[in-house]
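Enquirer: Quick one, structure for this:
(4 chains)
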Number of protein chains: 2
Amino acid sequence: MSPLTQSAVYNRLLRSLSVEDFNLLSPNLEAVKLDLRFVLAPPNQPIKHVYFLESGLGSVVATAADGTRLEVGIFGRDGMSGTSLLLGADQTPYDTFVQLAGSALRLKATDLDRALHERASLRTFLLKFVQVFAVQTAYTAVANGSYTIEERLARWLLMCHDRVDGDDLALTHDFLAIMLAVRRAGVTVATQVLEGDGIIRAKRGLITVLDRRRLEDVASGSYGIPEAEYARLIGPLN
Amino acid sequence: MSPLTQSAVYNRLLRSLSVEDFNLLSPNLEAVKLDLRFVLAPPNQPIKHVYFLESGLGSVVATAADGTRLEVGIFGRDGMSGTSLLLGADQTPYDTFVQLAGSALRLKATDLDRALHERASLRTFLLKFVQVFAVQTAYTAVANGSYTIEERLARWLLMCHDRVDGDDLALTHDFLAIMLAVRRAGVTVATQVLEGDGIIRAKRGLITVLDRRRLEDVASGSYGIPEAEYARLIGPLN
DNA sequence: CAGTTTCGGTCAGAAAGCGTACCAAACGCC
DNA sequence: GGCGTTTGGTACGCTTTCTGACCGAAACTG
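Expert: Residues are numbered from 1 along each chain as shown, chains lettered A, B, ... in the order given. Next comes the predicted model:
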């Protein structure tokens, strides 16, 4: 494989690193394909790799003691999996998996650890992403507590749309239902409303964003703050 | 003021620090009283101090773009305010304030920064609390999305109970309503149910936990995982 | 291309929770 | 001890969402 050039990388974090930090990581970065549902980090087991997504989407899902499952965060080429390693936790109660197939550059946890000790600036930078991701989780809590299914669906579609190329999102209602912690039938109804307004187009297993502006109106207060935090601490998403 | 002895400190984080780390911080720790509603960290403004709580409770509340407010985290002598400073963010969109009066040892943000650069072990340790707090936020998202008012009230009372001495919690229904993002009347009803079962006793502005075991049953799956994470990464809460 | 699986649309009945409002009891202050 | 304020109990109608189920359409499989 030819050596990795920083400017040829799509991942926003890797791209924003200083040249020195990037060069420290790059010999250990391994390009991998990400199939749908591939596990990026298993729950309650040591995390072996962190994945810097180049394309596709990853999802962090929390499972409660009684089996209830609910998404608490989402990331694409703006982020990475396994952020708990940056905080000194080798494992988490979460399940992190691929939600939209794509590709990534991965790094062994041990290589990451070594690099973090070698260069403080690398840690400082990556911790900013941890902060942004924590804010995203906090606003997921707000959305779950205070917004309707339609508003939450709009928020979620916007977050996906931010992280992929083009306007097509290959998602089933069943999948969305888990993400939003609602019934599948609830997703179907909300989808129909948005489609009826001409904001999205829905086909089997595919949602196309037609009018992003109006999608933001529907999401109203539930969207925007974590995104602003990303821009402030890390840089523009696109 | 007499010099601070580590063993005389109630805060679990300060207490668990290595002697060297503690001694680095202690000359700059200032004891302060915390009145109800005192602002520990203002939203969207630089954080000037971090507070290690000795008693009382602090609450982290997120505000959405449309003004919706909802609690995303709670801490007492198990934690500290201003954790975003550890992640390199000088401010957050959250409002952090005192929810149950008490006292704290506070540290100037600049002193914290200096100490973090001086001793890596201090940063490593405090970051573990950031991880635990993030998990708590994630499970707040789960609770808001999937549990009834009664279950969420039980969870919340348990989290408070974990962090105070005794079984009395000085809380109004109005306050609880904001914390849980429900109507005040909804809290009243849920409180009555728990009281009817003999699990708590409610008086004006005061809830007394009578039967913690059964409170855990009511909270069912919504309680426990963040608490286990605290125990695993930091130590026993009590 | 026939069989099987997955996905999405739909419905009736029920529950949870909300908006709003009113009133009484408890408390704090002079 | 009287007065104003805070807090809590209660009610009604309405919206949202759920439970649980059924069925047809689309996509995949061999």
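Enquirer: Now do the longest helix anywhere in chain A: distance to the chain's middle.
Expert: Ranked by number of residues, the top helix in chain A under DSSP state H is helix A:120-146. Distance of helix A:120-146 from the chain centroid (Cα atoms, centre = their mean, to the nearest Å) equals 11 Å.
Enquirer: which parts of it are buried?
Expert: Applying a neighbour-count criterion of 16 or more other Cβ atoms under 10 Å in any protein chain shown, one finds A:122-123, A:125-146 buried in helix A:120-146. (Glycine included, C-beta is placed from N, CA and C.)
Enquirer: does DNA strand C sit close to the helix or strand that that helix is followed by?
Expert: Moving toward the C-terminus from helix A:120-146, the next helix or strand (DSSP states H and E) is helix A:149-163. No: Helix A:149-163 lies apart from DNA strand C when judged by Cβ under 7 Å from any atom of the strand; the minimum separation is 12.1 Å.
Enquirer: How far away from the center of its chain is helix A:149-163?
Expert: The gap between where helix A:149-163 is centred and where its chain is centred comes out at 12 Å by Cα atoms, centre = their mean.
Enquirer: Domain map for chain A?
Expert: Residue ranges for the domains of chain A, per automatic domain parsing: A:6-143, A:147-222.
Enquirer: now these in CSV, with distance to chain B?
Expert: CSV is the format used below for the domains of chain A (distance: least, Cβ to the nearest Cβ, whole Å):
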stretch, distance to chain B
domain A:6-143, 3
domain A:147-222, 3
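Enquirer: Of those domains, flag the one that's most buried.
Expert: Highest mean neighbour count of these: domain A:6-143, a mean of 19 (counted as mean count of other Cβ atoms under 10 Å in any protein chain shown).
Enquirer: Rounded mean pLDDT for that one, please.
Expert: Taken as a whole, domain A:6-143 has a mean pLDDT of 96.
Enquirer: now do stretch A:184-191
Expert: 96.
Enquirer: With respect to residue B:40, which of the domains of chain A lies nearest?
Expert: domain A:6-143 (16.1 Å; Cβ to Cβ).
Enquirer: Do the closest one and DNA strand D come into contact?
Expert: No: residues of domain A:6-143 are not located near DNA strand D by Cβ under 7 Å from any atom of the strand, the shortest gap being 10.1 Å.
Enquirer: quick one: that domain near DNA strand C?
Expert: No: Domain A:6-143 does not reach DNA strand C (Cβ under 7 Å from any atom of the strand); its nearest approach is 9.5 Å.
Enquirer: so who does the spatially most central residue of chain A touch?
Expert: Geometric centre of chain A, nearest residue: residue A:75, 1.1 Å, by Cα atoms, centre = their mean. When contacts are counted by Cβ atoms under 8 Å, 6 or more residues apart in numbering or on different chains, residue A:75 touches A:53, A:57, A:58, A:60, A:81, A:133, A:163.
Enquirer: What about those residues, which are in strands?
Expert: Using DSSP state E, the members of these that fall within strands are A:53, A:57, A:58, A:60.
Enquirer: who's in contact with the last one?
Expert: Pointing back at residue A:60 there. Residues in contact with residue A:60 (Cβ under 8 Å, 6+ apart) are A:71, A:72, A:73, A:74, A:75, A:94, A:95, A:96, B:138.
Enquirer: what bridges to it?
Expert: residue A:73, residue A:96 (DSSP bridges).
Enquirer: Just the closest of the ones in strands among the contacts of residue A:75 to DNA strand C, please.
Expert: Nearest to DNA strand C among these is residue A:57, at 16.1 Å by Cβ to the nearest atom of the strand.
Enquirer: Thought residue A:99 was touching the closest one, still the case?
Expert: Yes: if you go by Cβ atoms under 8 Å, residue A:57 and residue A:99 touch, sitting 4.6 Å apart.
Enquirer: where's residue A:98, which helix or strand?
Expert: Element membership for residue A:98 (DSSP H and E) is strand A:94-108.
Enquirer: Quick check: phi and psi on residue A:205?
Expert: With angles defined as degrees, to the nearest 10, residue A:205 sits at phi 70, psi 10.
Enquirer: er, residue A:203 actually
Expert: The phi/psi pair for residue A:203 (degrees, to the nearest 10) is phi -120, psi 170.
Enquirer: Pairing partners for it in the sheet, please.
Expert: For residue A:203, the beta-bridge partners are residue A:206 (DSSP bridges).
Enquirer: do the same with residue A:108
Expert: Beta-bridge partners of residue A:108, counted by DSSP bridges, are residue A:49.
Enquirer: dump the residue contacts of it.
Expert: Contacts for residue A:108 (Cβ under 8 Å, 6+ apart) come out as A:28, A:48, A:49.
Enquirer: Identify the residue nearest residue A:31 in space, chain neighbours excluded?
Expert: Excluding the flanking residues, the one nearest residue A:31 by Cβ to Cβ, 6 or more residues apart in numbering or on different chains is residue A:105, at 5.8 Å.
Enquirer: swap that for residue A:33, sorry
Expert: With Cβ to Cβ, 6+ apart, the residue lying closest to residue A:33 is residue A:103, at 5.4 Å.
Enquirer: does residue A:85 really touch residue A:109, like I thought?
Expert: Yes: look at residue A:85 against residue A:109 with Cβ under 8 Å: they come within range, at 5.7 Å.
Enquirer: Name the residues contacting each of those two.
Expert: Here residue A:85 and residue A:109 have A:47, A:50 as joint contacts, going by Cβ under 8 Å, 6+ apart.
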